[in-house]
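> This is the structure alone, sequence omitted:
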């Protein structure tokens, strides 16, 4: 048994999250103004990747997740080798995003981010991440991920769970 | 000048909206339970259609729209000949969805729906619809639509605007 490890969740920023994917948020001026000036379009924010050569395509699903308390005990990381996965919260709320770079086929040391109101994320294909952890709000998310045949889930249980604090 | 026309918005249901697209909502039991029982997945709810033969692909954008008051004066309908378009509200709020079946290349008589908290919509490719009309909430939406070259917008201004009441 190793020393218990605690990591502290960071605020979610595009720069800090760049190794893992994109932050879906409005920042700065919109790319286009539409609807006679009444709507700003922030265009094409996610790196979508659905391995069409393996029969995949984009789909929209809804996830209804239980709220999780902090501190969160991170014991499982998973990844999707066949597609990116985007989470769009359907309430202006916070959720915990845990991710890790790959280290020879298993997750390296995890990092944790707290997405704030108005922020979603897109996880790049094959990025290790923890399960969906709403901290408040309705727990309802629009999810854009790969629809298709094939084994698109790899799980890694941590021998020594990690405590994530806010 | 014709007689002014008023239409009354209906509640948004999957059945009533079926000629135009899909309602993105959780209803009944989830298709899959994931994350050790803590998350329900309502799977692949939208008919995605991005004309890859014309160079299109799915993308995620964010729309920040001004709130609109009711009654709403509907003077413009538009359609996207090259792709479906999904709206996922990022607050548990209401928005007005106006649509019309095609009548020889222009919109037929419009119908109006009020999407409630937790409801999004996916508009089928080439379905006539009004602009994004949040009635309350933050006015922030995740939008999944076609990214690609080509003229993907057709507009039709109504000679006699239509009043939409709640």
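Thanks, I have the structure now. Please read all numbers here as calculations on a predicted model, not as lab measurements.
> From residue A:82, how far out is residue A:111?
From residue A:111 across to residue A:82, the span is 23 Å (CB to CB, to the nearest Å). C-betas here are computed from N, CA, C, even on glycine.
> got it, and residue A:70?
Residue A:70 is 31 Å from residue A:82, where distance means CB to CB.
> for residue A:159, same thing?
Taking CB to CB, one finds residue A:159 at 27 Å from residue A:82.
> Comparing the two, which shows the higher neighbour count?
More crowded of residue A:159 and residue A:82, by other CB atoms under 10 Å in any protein chain shown: residue A:82, with 20 against 8.
> ok so that one is a helix residue?
No - according to DSSP: H, G, I helix; E, B strand; the rest coil, residue A:82 belongs to no helix; its state is coil.
> So, low pLDDT: which residues of chain A?
A:1-2 (pLDDT under 70).
> in it, which strand has the most residues?
Ordering each strand of chain A by length in residues (DSSP state E) puts strand A:154-165 first.
> May I see the buried residues of it?
Buried residues in strand A:154-165, defined by neighbour count with 16 or more other CB atoms under 10 Å in any protein chain shown: A:158, A:162, A:164.
> Any idea what the last one is bridged to?
Put plainly, it is residue A:164. On the basis of DSSP bridges, residue A:164 is bridged to residue A:7, residue A:72.
> what residues does stretch A:93-111 touch?
A:7, A:9-10, A:12, A:17, A:19-20, A:68, A:70, A:72, A:74, A:77, A:79, A:87, A:89, A:112-117, A:121, A:123, A:126-130, A:132-138, A:156, A:158, A:162, A:164 (CB atoms under 8 Å, 6 or more residues apart in numbering or on different chains).
> Buried residues in that stretch, which are they?
So for stretch A:93-111, counting by 16+ other CB under 10 Å, buried means A:93-100, A:107, A:110-111.
> Quick check: the residue sitting furthest away from the middle of chain A vs residue B:155, distance?
Ranked by distance from the centre of chain A (CA atoms, centre = their mean), the top residue is residue A:36, with 33.4 Å. The gap separating residue A:36 from residue B:155 is 11 Å, by CB to CB.
> Over to residue A:155?
From residue A:155 to residue B:155 the distance is 49 Å (CB to CB).
> can you check residue A:43 too?
Counting by CB to CB, the gap from residue A:43 to residue B:155 is 19 Å.
> was I right about residue A:138 contacting residue A:91?
Yes - with contact defined as CB atoms under 8 Å, residue A:138 counts as touching residue A:91 (4.2 Å).
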